[in-house]
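A.B. asks: only geometry, no sequence info:
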């Protein structure tokens, strides 16, 4: 083992290019190329081995400026001798150099020097998104549990709803641009959404009237979202039209996007806790097989094997022997629990409205449309810079081409609420133990977030006091995480919707990493353009679904499982889904916040609201196409279902790279 270790570290100069990019290579050669004549080698092989271990730590941990290793090396190697100076001096010299990794981490804090209005608008959006994603986490489960809908019918409703939700901002943007302005339109949107969620939160029966009420509620939610979502983001963009903030636009939209995901992070847990609470009050617990078997029993399509399984489940749940009564009881109580979960959105919208109104002074100067801006400039004698018709046309065409590409990203990405939820329910282990438990507690994830941000703050703080506070927060976060993890049950039961918390968690913790990376590249004038980032994002998305395709190989088709409640006897590790969510998050961070910023930056001033609406209209089409993948969920092998998404993402990437020059020229 020692020989292998020695052989690896004896060639360390060949590896160092991955760690150090701007350090004198001759210096490194003197420091790290050790042989029989090297430092401490003349004493014993053991001391030379110790030296190599220390060298490993210097290389691995040096980016964090751990200069104390210089002194440890001296103490391990014995008294200071002339040959040791070769090693000691360069290490002390290296501590004064700046590594690429340090440059990235030490970039200016992502939250510094932004207008206060950004945080008011971002927090208002956080509350609204918390409600929306609470509803979305359980929506397809609600449709199948309450109405007994098949995967294809559920997919149609889900796809149409998402499509309308993201199409309505086109109309909302038009209304704000032409008549009401952004602030009034956003306020009306919150009220309309509240009414929609309120309707959805009332438990109703399983009649045609109940479904009609549900569709009415979904329309109100869609309309309210259309009035709210795009126009709020236009105001964020308007904040950064000021010359002193223009260069911070991408950074601002990343923060705004992170705020959206903070709301989304806690939504699945809220939905799960509400569901478990109201089921528990009825003396029941969640089991993914029961809704399907109960509906099959009530409509007479169940077979003998399914009846036997339902009977066993009824006895374990409520000691019930009357399967008709138990089936009706379980469906009604679970449907009610889901309805109360939708009610969480009403509370979060009240919070959003309060934030939006109370902090209006911080953003009211950005509440203007093109018509209002023209009137203001005319009054103040400010000359407006206008685009030529040719420039306007080129920009609109460039935006439409980008919209075409992102359609396929959203078709793939929003499988999280449909087929990926089916996969979590029917093919993924519903219990975890050991270290795997850590991610299934939102409390643990919260401590992890604090740890990541305090670590970044530790490097980015300019004053000693800031570094000290950040260090304390980092240590406390790790300690709290350890205590929380230690107090978890040895086995944790997981519901399918809880997997949807991983994507927003990854967005929140990776946003500062991406901002630091892009900031560093921008300083080097090597940052990819927004269209290029979108193309890269599409390739990464393809990799994400490739992982899920590999994890799905050998699993039975959904149709083959229908007779026994739809849940596979061969359950895969939750890590397949978690890994897919992680890779999709990388793709999302390359595409979504940058895409929104791109629209805000490139859209002709007269069509800002309309073009932001166009972004959401493209998202709407992609969301409707989510249902197409849902139609494949049945007789097709699962790896082939995910393979369709891989192919769509790769073709989209190929298309955008083929027109890259045109896009970049139009947006200069």
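C.D. replies: Cool, got the structure. As the structure is a prediction and not an experimental result, all values here were calculated from the model.

A.B. asks: Any stretches of the stretch 51-200 of the chain with poor pLDDT?
C.D. replies: Residue ranges of the stretch 51-200 of the chain with pLDDT under 70: 51-111.

A.B. asks: Domains in the chain, by residue range?
C.D. replies: Per automatic domain parsing, the domain ranges recorded for the chain read 2-101, 116-367+388-430+494-666, 432-493.

A.B. asks: Highest mean neighbour count out of those domains?
C.D. replies: Relative to the other members of the domains of the chain, domain 116-367+388-430+494-666 carries the highest mean neighbour count by mean count of other Cβ atoms under 10 Å, namely a mean of 20. No exception for glycine: its C-beta is placed from N, CA and C like everyone else's.

A.B. asks: The stretch 401-550 of the chain: helices as residue ranges?
C.D. replies: Counting by DSSP state H, counting those that start in this stretch, residue ranges of the helices within the stretch 401-550 of the chain are 419-426, 442-460, 464-486, 502-523, 530-552.

A.B. asks: Dump the ones you listed to JSON lines, plus mean pLDDT and distance to residue 244.
C.D. replies: As requested, the helices of the stretch 401-550 of the chain are arranged in JSON lines below (pLDDT from 0 to 100; distance: least, Cβ to Cβ, whole Å):
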{"stretch": "helix 419-426", "mean pLDDT": "91", "distance to residue 244": "43"}
{"stretch": "helix 442-460", "mean pLDDT": "88", "distance to residue 244": "21"}
{"stretch": "helix 464-486", "mean pLDDT": "91", "distance to residue 244": "23"}
{"stretch": "helix 502-523", "mean pLDDT": "86", "distance to residue 244": "17"}
{"stretch": "helix 530-552", "mean pLDDT": "93", "distance to residue 244": "22"}
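
A.B. asks: closest one to residue 495 among those?
C.D. replies: Proximity to residue 495 (Cβ to Cβ) singles out helix 419-426 among the helices of the stretch 401-550 of the chain, at 8.4 Å.

A.B. asks: which residues are in contact with that closest one?
C.D. replies: Here helix 419-426 makes contact (Cβ atoms under 8 Å, 6 or more residues apart in numbering) with 140-141, 151, 288, 496-497, 499-500, 548, 552, 558, 561, 566-568, 577, 580, 629-630, 633, 638, 641.

A.B. asks: relative to helix 502-523, how tilted is that helix?
C.D. replies: Helix 419-426 and helix 502-523 are oriented at 140 degrees to each other (axes from the mean of the first three to the mean of the last three Cα atoms, to 10 degrees).

A.B. asks: Helix 419-426: how far from the chain's middle?
C.D. replies: Using Cα atoms, centre = their mean, to the nearest Å, we find the averaged C-alpha position of helix 419-426 to lie 18 Å away from the chain's own average C-alpha position.

A.B. asks: just the angle between that helix and helix 530-552, please?
C.D. replies: Angle, helix 419-426 to helix 530-552, by the same axes, to 10 degrees: 20 degrees.

A.B. asks: So residue 114 is in contact with residue 249, correct?
C.D. replies: No - the pair residue 114 / residue 249 is not scored as a contact, 10.5 Å apart, by Cβ atoms under 8 Å.

A.B. asks: From residue 206, how far off is residue 298?
C.D. replies: 10 Å (Cβ to Cβ, to the nearest Å).

A.B. asks: overlap in contacts of the two?
C.D. replies: residue 331.

A.B. asks: mind listing what the closest residue to residue 551 other than its chain neighbours touches?
C.D. replies: Closest residue to residue 551 in three dimensions, ignoring its sequence neighbours and counting by Cβ to Cβ, 6 or more residues apart in numbering: residue 576, at 3.4 Å. With contacts defined as Cβ under 8 Å, 6+ apart, residue 576 is in contact with 428, 547-548, 551-552.

A.B. asks: Let's have these in CSV, adding distance to residue 156.
C.D. replies: Formatted as CSV, the entries for the contacts of residue 576 read as follows, by distance: Cβ to Cβ, whole Å:
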residue, distance to residue 156
428, 24
547, 28
548, 23
551, 27
552, 23
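
A.B. asks: out of the residues you listed, which one sits closest to residue 179?
C.D. replies: The shortest approach to residue 179 among these belongs to residue 548, at 45.5 Å (Cβ to Cβ).

A.B. asks: Many thanks, we can stop here.
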